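**Student:** here is a sequence with its predicted model. Questions after.
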Amino acid sequence: MATIKIIDPVTRLEGHLKIEVTVDKVNNTQQVVDARATGTLFRGFEQILKGRDPQDAQHITQRICGVCPVPQGMASVMAQDQAFKVTPPNNARIMRNLVLGANFIQSHILHFYHLAVMDYIEGPGMAPWQPSWNVDKRITGSAATTLVNHYVTAIEMTRKAHEMGALFGGRMPDPPTYIAGGFTTTPRADRVTKFKAYLNELIPFINNVYLPDVAALKQVYMDYIAIGEGYGNLLAFGVFDLDSVGNHKLLKRGLSVNGAQAVSPVDLNQITETVKYSWYNNSSTNLKPASGQTLPQYPKNGAYSWLKAPRYAGAPFEVGPLARMWVNGDYQQGISVMDRHQARAEETLKIAQALQSWVNQIQVTGSVFTRPRIPATASSYGLTEAPRGALGHWMQMASGKISSYQIVTPTCWNASPRDDTGKLGPIEKALINTPVISVDQPIEVLRVIHSFDPCLSCAVHVSRPKAKTKVQVIAGYR
C-alpha cells in the first residue's frame, strides 16, 4: 500500500524546501515511486529591480542569498559589462575570480561537514547531532569521532575562506566590490601575501582531510553509488574567466545528455521556463529568460511550488559541481549521491590550486576599472556558476533604467517542479526508486536531496506583525 510522506521543512539546507514522496513496494523493495519538490517562499527580485539604475543590480541581487551572494554579483556585473560594452582590466578579472573562488571553497566545505555528513554518522549525544533519527548510520566509534572532530575544524576553515575572500571583496558575504567595468579594490601587496597565507592553510585541509573523508564515506556507503541518478542530463554555464573576453574558463560551458561522456555546446535559445505547476500566471509559461515574466498567481489549481521549471530543449537538466566537473572532463565516474560529493570535493581542490596561480598574476600598480558609458537601451545577460550550479541573469534596459530582469538560479534547475509536459524536476526524478527502510524516518530521501545542496534562500521573506504590536527602543541603542 502506497504511503505519502511529507518532509517540511527539509533541514540542513539554505532556505525553505518541502519534499513530498510516495513510497510503495516494487518487486518486494520499499521505495520512492513519486516525488514533489516545493519551494515554499516567493522569490520576487525581478520585480524589485524594475525601474532601477542597472548599476544597483549587483548590490540588490547579492541579497538573494547570504551563502552564495558573490555569484549573483558576478552574474549581474557580467550582464552590465555586456550591456555597457566595457571590458574590465585583467586585475579586475583576477580579483573577481579570487573572491568568487573563496566563496566556492567556503560553500563546499560547509556543505559536506555541516549540511550533509550528519546523514551518515552517529554523532555525540548533544546538539547539533541530537535529536536525530534512529536510522541506518554505519559510521560509528572512532571513525565517527574523527568526522566529528573534522566537523569542528571545518568551521574554522570556512571562516578562513570567508576572511580570504574579504581581503579583496571588502567583506563577506555581500562584497560591494563588484562593479560594471571592473572592481573597487586596490590590489595591494599585503593583500596578496595574506591571501596566499590563507590558501596555505586551506589547501592542506582539502587535500588531507576533506578529500579523504569523502573517500571514506563513499567506501562505507557503496550502495549510494547507484542511488540518486535521476535523468543523467548535466548542464554548466562555465565559470572563472581566464582571459578578458571570457572565451576560456577554468570550468567550461557545455552539457551532457543521459550521462554521455561527450559534451555538447550550450545554445541559450534552447532555455525556457514553464509554470504549469508553479504559482505564476500561465501567460508567462514556456518563455525564454530574456523575455520572461514574474507574475505571481496564488492559489492556482494544480500548482505546488514557487519555483519555475527551467528546461533546456524541453528537458530537465541537473546543475552543480558534478555537472561542471563532468562537462570539464575532470570527473566522469558516475551520476549518483556519492558522485556529487566526490565531484564537489575534487572541484574544491581544483579551484584552490587555481587561486594560487591567479593571485600571483595580480599587478599591484595596475588598473582595476574601466569607466563604462551607460546606454539608454540594451539587452544583455550574464552567465556564471554558483557553488550549487548554473546561474543566469538576463537584463533589459529602457531610458537608462532596468525595464526587465530575469534570474534563473541553480536550485530553480535542480528543485524545479514538473514542467508543462509533466516531466519531473531533477531532484524529483533522482528520488524515484530510492529504497526507504522506514517511511517515518526516510533518511535515504534526505541523503539524495542533500547531495544536490539545494538553496531556497532566493526568496523575498515577508512578515506581517500582529495587531497592537509595539516597538520599543532601549536607551543607548539605535
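**Tutor:** Now that the structure is in, tell me what you want to look at. Numbers count the residues shown, from 1 in each chain.

**Student:** any idea of the pLDDT on the residue positioned nearest the centre of the chain?
**Tutor:** By Cα atoms, centre = their mean, the mean C-alpha position of the chain lies nearest to Arg388, the distance being 2.4 Å. Per-residue pLDDT puts Arg388 at 97.

**Student:** next one: the one 4 residues further on
**Tutor:** In this model, Gly392 is scored at 98, pLDDT.

**Student:** any low-confidence regions in the chain?
**Tutor:** 457-478 (pLDDT under 70).

**Student:** how about the strands in it?
**Tutor:** Remark: strands assigned in the chain by DSSP state E are 3-7, 17-26, 29-39, 178-179, 182-183, 234-236, 239-241, 249-251, 254-256, 271-274, 309-312, 378-386, 389-398, 401-408.

**Student:** want to throw the ones you listed into CSV with distance to Lys288 and mean neighbour count?
**Tutor:** (C-beta placed from N, C-alpha, C; glycine too.) Converted to CSV, the strands of the chain look like this (distance: least, Cβ to Cβ, whole Å; neighbours: other Cβ atoms under 10 Å):
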stretch, distance to Lys288, mean neighbour count
strand 3-7, 33, 13
strand 17-26, 26, 19
strand 29-39, 21, 20
strand 178-179, 26, 25
strand 182-183, 30, 26
strand 234-236, 15, 29
strand 239-241, 22, 23
strand 249-251, 23, 21
strand 254-256, 17, 23
strand 271-274, 6, 23
strand 309-312, 10, 24
strand 378-386, 10, 23
strand 389-398, 8, 25
strand 401-408, 9, 21
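
**Student:** out of the ones you listed, flag the one nearest Gln219.
**Tutor:** Evaluated over those, closeness to Gln219 peaks at strand 29-39, with 23.6 Å, by Cβ to Cβ.

**Student:** then that closest one to CSV, C-alphas only?
**Tutor:** The C-alpha coordinates for strand 29-39 follow below in CSV (Å, rounded to 0.1, in the frame of the first residue of the first chain):
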residue,chain,number,x,y,z
THR,A,29,11.5,-3.4,-2.2
GLN,A,30,10.0,-0.4,-0.4
GLN,A,31,11.0,2.6,-2.5
VAL,A,32,10.0,6.1,-3.7
VAL,A,33,7.6,5.9,-6.6
ASP,A,34,6.7,9.6,-6.9
ALA,A,35,8.1,12.9,-5.6
ARG,A,36,7.2,16.6,-5.4
ALA,A,37,9.6,19.4,-4.6
THR,A,38,8.1,22.6,-3.3
GLY,A,39,9.8,26.0,-2.9
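
**Student:** that strand packs against which elements?
**Tutor:** If you count contacts as 3 or more Cβ pairs under 8 Å, 6 or more residues apart in numbering; DSSP states H and E, strand 29-39 packs onto strand 17-26, helix 426-431.

**Student:** TSV for these, including distance to Ala180?
**Tutor:** Formatted as TSV, these follow (distance: least, Cβ to Cβ, whole Å):
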stretch	distance to Ala180
strand 17-26	33
helix 426-431	33
